[in-house]
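> sequence first, predicted model second:
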Amino acid sequence: MKVLVAMSGGVDSSVAAALLVEAGHDVTGVTMKLWGGESDTGCCSVADVEDARRAAQQLDVEHIVFNFGDDFMTHVVEPYVAAHEVGVTPNPCIECNRHLKFDRLLDRADALGFDALATGHHARIVATAGGGQRLARGADQAKDQSYVLYVVPSSDLARVMLPVGDLTKAQVRAEATRLGLRTADKPDSQDVCFITSTGGRRAFLGDRIALKPGRMVDNAGTDMGPVEAMELVTVGQRKGLGLAGEGEPKYAVAVDVVAGLVTIGTADDLLIDRLSITDVVWSQRPVYGEMMAQCSAHGEPRRVEVSEGELTATAHVRLIDGPIRRVAAGQSVVFYDGDEVVGGGIVFSSASTESAAGSGS
């Protein structure tokens, strides 16, 4: 089989390519050049491209680079900035998977005559009873990436391969060591690739939008001090608000950029048991009723009841086993049947049954 392997310069994608070569496939490695700006983290730096090229060289496979910088700017960077401008906390990695890795790159693979696209994600593709395919959790629960892949349509899974999904991270590194790959001991990427470790979100957003000051208030509307940049405050944030002192810890419970107000409360004020989501995508068909849900990339799965929303591609989620900390608008909730992904969507509001205060922006 002729397989195009997305090689980010990390150990997972290097081993994915190696396993496919050993299995006898005709492998070509590809690295996407996505971000042309400053980068010292993630998978967009010059060093990462070089690591991918060298790994492909070690495996004796062709390596090519596709420049998808314009698509990345349109579908990932610009929406990221626009979201923060209105007080929403987006997940750019999910949007990169949605628009770049499993859309733009998959289309390019098809156009070039490849039979499949492979990546180094820790997730699996499983057959369903009805003969279709679904995404499922990877063998290493601590490294599982099915949460960030929920946007991949089931119709595309027949053309996708996830070679390391059945391996633990330790096994992946052992394979890389066995093969003598230069990426064997390379640390995992943890951060957004276009946000530098030195400048952070403040420098990145400050170069693109005017950061507006605001005020902090408690639930009664009492002024609690200034906010230097409304666009940098995230629901659930505690540090950096200048509220350290005696008494219970204080957190940002709601962010209203238009009004210039951050509502401050206690940990209890953050608790919610209802969520509303939009941009809902289903693996195969809409599924409502009881299921498990994951509300963050590394969050514990929770039992929920999902009901259809009033608008197209929306749904309501009720936490069955008690409240959780408020999920910021812009973050995703992903639904599971056992280990299998059945769908997911993006949070636009959250609340507690006991109190309708705070819309979860």
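Okay, I see it.
> can you give me the end-to-end distance of stretch 306-318?
Stretch 306-318 has an end-to-end distance of 6 Å (Cα to Cα, to the nearest Å).
> list the buried residues for it?
Along stretch 306-318, these residues count as buried under the neighbour rule (16 or more other Cβ atoms under 10 Å): 306, 309, 314-317. Just so you know, the C-beta spots here come from the backbone N, C-alpha and C atoms, and that holds for glycine as well.
> just stretch 60-80 next, same as before
Taking 16+ other Cβ under 10 Å as the basis for neighbour counts, the residues of stretch 60-80 that come out buried are 61, 63, 66, 68-69, 71-73, 75-77, 79-80.
> how about the buried residues of stretch 306-318 in a markdown table, adding pLDDT and secondary structure?
Conversion of the buried residues of stretch 306-318 to a markdown table gives the following (pLDDT from 0 to 100; DSSP: H, G, I helix; E, B strand; the rest coil):
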| residue | pLDDT | secondary structure |
| --- | --- | --- |
| 306 | 98 | strand |
| 309 | 96 | coil |
| 314 | 98 | coil |
| 315 | 98 | strand |
| 316 | 98 | strand |
| 317 | 98 | strand |
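> let me know the closest of the residues you listed to residue 198.
Each of those was checked against residue 198 using Cβ to Cβ; the closest is residue 317, at 37.7 Å.
> which stretches in the stretch 151-300 of the chain count as helices?
If DSSP state H, counting those that start in this stretch is used as the criterion, the helices of the stretch 151-300 of the chain fall at 154-157, 169-179, 200-206.
> quick check: mean pLDDT across the last one?
When pLDDT is averaged along helix 200-206, the result is 93.
> what packs against that helix?
Using 3 or more Cβ pairs under 8 Å, 6 or more residues apart in numbering; DSSP states H and E as the contact definition, the elements that helix 200-206 packs against are helix 78-85.
> quick check: next helix or strand after the helix it packs on?
Using DSSP states H and E, the helix or strand that directly follows helix 78-85 along the chain is helix 92-96.
> closest one of the buried residues of stretch 306-318 to residue 6?
Here the nearest of those to residue 6, counting by Cβ to Cβ, is residue 315; it sits at 30.6 Å.
> what sits against that closest one?
With contact taken as Cβ atoms under 8 Å, 6 or more residues apart in numbering, residue 315 is in contact with 276-277, 280, 288, 306-309, 345.
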